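Chemist: I'll drop the sequence and a predicted model, then ask my questions.
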2 protein chains.
Amino acid sequence: MEVINIGMLGLGTVGSGVVRMLTDHAEKISLITGRKLVVKTVVVHDLTKKRSVDMTGINVTDDVTAILNDPEIGLVVEVMGTVDTACDYIKRALKAGKHVVTANKDLIATHGPELTSLALEQGCDLYYEASVAGGIPILRTIVNSFAADKIVEVKGIVNGTTNYIMTQMNQAGISYEQALKQAQELGFAEADPTNDVEGIDAAYKMIILTQFAFGKDITLDDVKLEGISNVKAEDIAEAKRLGYKLKLLGISKLVNKHLDVSVGPVLVPRNQPLAAVQNENNAVFVTGAAVGETMFYGPGAGELPTANSVLSDIITVAKNIVMGTTGVRFNDYSANVKLAVPSEVVYPYYISLKVLDQPGQMLKLTEIMTKAQASFNLITQTQLDEDYARVTMVTHKMSEAQLNEIKAALAQLDTIEVIAAYKVLGG
Amino acid sequence: MEVINIGMLGLGTVGSGVVRMLTDHAEKISLITGRKLVVKTVVVHDLTKKRSVDMTGINVTDDVTAILNDPEIGLVVEVMGTVDTACDYIKRALKAGKHVVTANKDLIATHGPELTSLALEQGCDLYYEASVAGGIPILRTIVNSFAADKIVEVKGIVNGTTNYIMTQMNQAGISYEQALKQAQELGFAEADPTNDVEGIDAAYKMIILTQFAFGKDITLDDVKLEGISNVKAEDIAEAKRLGYKLKLLGISKLVNKHLDVSVGPVLVPRNQPLAAVQNENNAVFVTGAAVGETMFYGPGAGELPTANSVLSDIITVAKNIVMGTTGVRFNDYSANVKLAVPSEVVYPYYISLKVLDQPGQMLKLTEIMTKAQASFNLITQTQLDEDYARVTMVTHKMSEAQLNEIKAALAQLDTIEVIAAYKVLGG
């Protein structure tokens, strides 16, 4: 049987999983692809580090040219992380006519268009299924199974760290700080959790999902971003009382044929399938004009789930090599859709306020709401302490422009402070 | 742009949806495939019937040779239903060198191996994504994204009619007969609901899923089959009290490397994602050795969801034609796995009994359980009427062989009657 030689950049958690799965499932993979897939060379940073996986017969080096200059290596698998170095290596691999599979979300979200164009020019494959939602095969599913449909919305729980924290806050009633600490102890959050808890990781994934679902290249600046580090246990409890779970959701949707992309805490109705996604799991909910509502659920990270997605890309490349069909873009679809403006983007909102407990505050609030032509569905007031009350409301649908107007007017007052303003789904 | 001419067999709900989507999304489809896809001829049974979709420019006939003998037609889409006639037409189409897309689950479940072999011989494509779980792209996902993994279990809610009935029984506490009537009024159940409520439709889907997940061809006789027509409101209520939802589940799983395939009512823990699948929706839960637990959720039927799956097949064929890669089996994977024997298949069971209210019955029951080396976790007894009590129990794990022994022993008694014996998930 002919051999396809693989060069791997990096041998961390995912890389080790890829080596392990290529060995363990070699027979099935050969049966399906008609080729023997062999990891020939692995480039690592630290040659002295002990590896958890059997590297017998594999050339381990810290010299990247051992892959880039080896004409026998037809496929490069990048699982080293970083943006600039990985980008440099991948470009050099593509220029050398090698196909590339990467799990590098940050890289694809920031340099995707450039790299896919280069791959196309070089007649090379470039696949990155593992870059979004770890073990959930969402990119390939959008390409293959929504090709004839018109996707109107993609929303998802695409960051396991924040979903773990939010699940624990919801179930155990603990604070953000307590839940974060617990997540760190269990290895679900990093020592510096910024990238996860501020929604940046989720935003990168939404950039890639947006490219696949709507054929549109966007950047981080195009994503309206709010993290979870300011989320209060009281608001989670209040949401629960109202029948919702608070989740960090990425939402990319068409509004009047314009695209709106956001990442932030959202109130999800208890019976919406996304509400059932617990702890570190991920799920992507895709609404198609024809197919309606679908959801794809699974592990968002982890050695073997992520490695499995890398493997599905490797097998796709192997099949393409066999059939002589390499050099086609992972996602063929591109469309020229504009971004929505704040006056078009309409949701009900959950707003919670800290209000100085003196007469006339409710009147002020009502005046501001009325001026913005906004109204509410439900309002509750509880005493916070001797001086302050807590007011929460769920508004009728209003635009982001109206919300911004209300927030700006409230910021002028020193008696009312906005604690939270979250979108409400399904209103 | 070059044209691919399509011949359609049938113009019912799904067929109309296919014509509609090919028209509505023509531009996107051409962009992706590089071909113009045109429905040239449709064969219908009744030429006089009024159609809900615009048929301008399409040749409508009741003569199947208008498709089979037309050399311009390269792709036949079968959405007519039936087994024998559809099988005959598809064979003739393949023998004429035409690619085939079908939504016909009964046909694929009963004649799949024969038809896929014929397609392979003829170098033709044969796709049937729409045959399982309507709008959920589960077959293609298994092929593409679990290729490197080892699937250990596929379980699912794959029949919308029965899930609607079970959801209503669970939510409204109504009887099977009431829920069925309601489903029929809403068009979720047919006048003769046998195929759905006896689990036959679900079993056909499990036959196809088993072929994809485990590479094994099985027949209806290999599926242990129990429907929902005997399900009692009392058992649903009792399951609810215990923290479960009763669902009609198809389960295909490896047990000691042997395969066990069943369809029947199963108690699903409330926090298992399948428990959240409501009404006519479907979901398939796939467990991979590497990837872990994933779930694919969506509409199981309906004009446009099913048409979308047919379209994803049509686009795949069109891409294969363009790239010259037709004639590859939809599912390449085959494996020689044996079926499990009853002593290998182990679950906890929910058992409910009607027991004559006289002394000594509990002793008899306990003796029978002990003899079968079975034990229980929980047992409850309630008075049914003056003469009878209702006993329900959740057993520890036991084999099907043990369950059969217990049932056989109880059948010898005229004082104890088995009302239900359902598997319990996650025990």
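Modeler: Ah, there it is.
Chemist: mind listing residues that contact the helix or strand of chain A with the lowest mean pLDDT?
Modeler: Using mean pLDDT, DSSP states H and E, helix A:26-33 stands out as the lowest-scoring helix or strand of chain A, at a mean of 89. For helix A:26-33, contacts defined as Cβ atoms under 8 Å, 6 or more residues apart in numbering or on different chains pick out A:1, A:4, A:22, A:36-37, A:311, A:315, A:318-319, A:322, B:147-148, B:150, B:332-333. In short, each C-beta sits where N, CA and C put it, glycine included.
Chemist: what's the burial count for residue A:30?
Modeler: 14 (other Cβ atoms under 10 Å in any protein chain shown).
Chemist: what's the pLDDT at the residue in the stretch 301-427 of chain A positioned nearest to chain B?
Modeler: Among all residues of the stretch 301-427 of chain A, residue A:311 sits closest to chain B, at 3.4 Å; criterion: Cβ to the nearest Cβ. Listed pLDDT for residue A:311 reads 96.
Chemist: next, it: secondary structure please.
Modeler: For residue A:311, the assignment made with DSSP: H, G, I helix; E, B strand; the rest coil gives helix.
Chemist: PyMOL command to pick out the buried ones of the contacts of helix A:26-33?
Modeler: A single PyMOL command selects the buried members of the contacts of helix A:26-33 (16 or more other Cβ atoms under 10 Å in any protein chain shown):
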select buried, (chain A and resi 4+22+37+311+315+318+319+322) or (chain B and resi 147+148+150+333)
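Chemist: and the contacts of helix A:26-33, which two are furthest apart?
Modeler: Pairwise distances across those (Cβ to Cβ) peak at 22.3 Å, for the pair A:322 and B:150.
Chemist: so how far is residue A:4 from residue A:194?
Modeler: 39 Å (Cβ to Cβ, to the nearest Å).
Chemist: now do residue A:200
Modeler: In this view, residue A:200 and residue A:4 are 35 Å apart by Cβ to Cβ.
Chemist: how about residue A:61?
Modeler: For residue A:61 relative to residue A:4 (Cβ to Cβ), the value is 20 Å.
Chemist: low-confidence ranges in chain A?
Modeler: A:427 (pLDDT under 70).
Chemist: domains in it, by residue range?
Modeler: A:3-134+A:303-323, A:144-299, A:346-424 (automatic domain parsing).
Chemist: dump those domains to CSV, plus distance to residue B:207.
Modeler: Formatted as CSV, the domains of chain A follow (distance: least, Cβ to Cβ, whole Å):
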stretch, distance to residue B:207
domain A:3-134+A:303-323, 21
domain A:144-299, 22
domain A:346-424, 43
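Chemist: of these, which is nearest residue B:211?
Modeler: The nearest among the domains of chain A, by Cβ to Cβ, is domain A:3-134+A:303-323 at 14.7 Å.
Chemist: can you tell me the distance between the two ends of that closest one?
Modeler: Terminal residues of domain A:3-134+A:303-323 are spaced 15 Å apart (Cα to Cα, to the nearest Å).
Chemist: off-centre distance for that domain?
Modeler: 21 Å (Cα atoms, centre = their mean, to the nearest Å).
Chemist: what do you get for stretch A:382-390?
Modeler: 38 Å.
Chemist: identify the residue spatially nearest to residue A:250, adjacent ones excluded.
Modeler: On the basis of Cβ to Cβ, 6 or more residues apart in numbering or on different chains, the spatially nearest residue to residue A:250 that is not a chain neighbour turns out to be residue A:206, at 3.9 Å.
Chemist: just the buried positions in the host helix or strand of residue A:139, please.
Modeler: Residue A:139 belongs to helix A:138-145 when assigned by DSSP states H and E. For helix A:138-145, burial by neighbour count (16+ other Cβ under 10 Å) applies to A:138-145.
Chemist: quick one, that helix and helix B:138-145 angle?
Modeler: 130 degrees (axes from the mean of the first three to the mean of the last three Cα atoms, to 10 degrees).
Chemist: could you measure from the residue nearest to residue A:250 over to chain B?
Modeler: 20 Å (Cβ to the nearest Cβ, to the nearest Å).
Chemist: near chain B, which residues of the stretch 201-350 of chain A show up?
Modeler: Within reach of chain B by Cβ under 8 Å from any Cβ of the partner chain, the stretch 201-350 of chain A has these residues: A:271, A:273, A:276-278, A:288-299, A:302, A:304-305, A:307-309, A:311-312, A:314-316, A:323-325, A:328, A:332-333.
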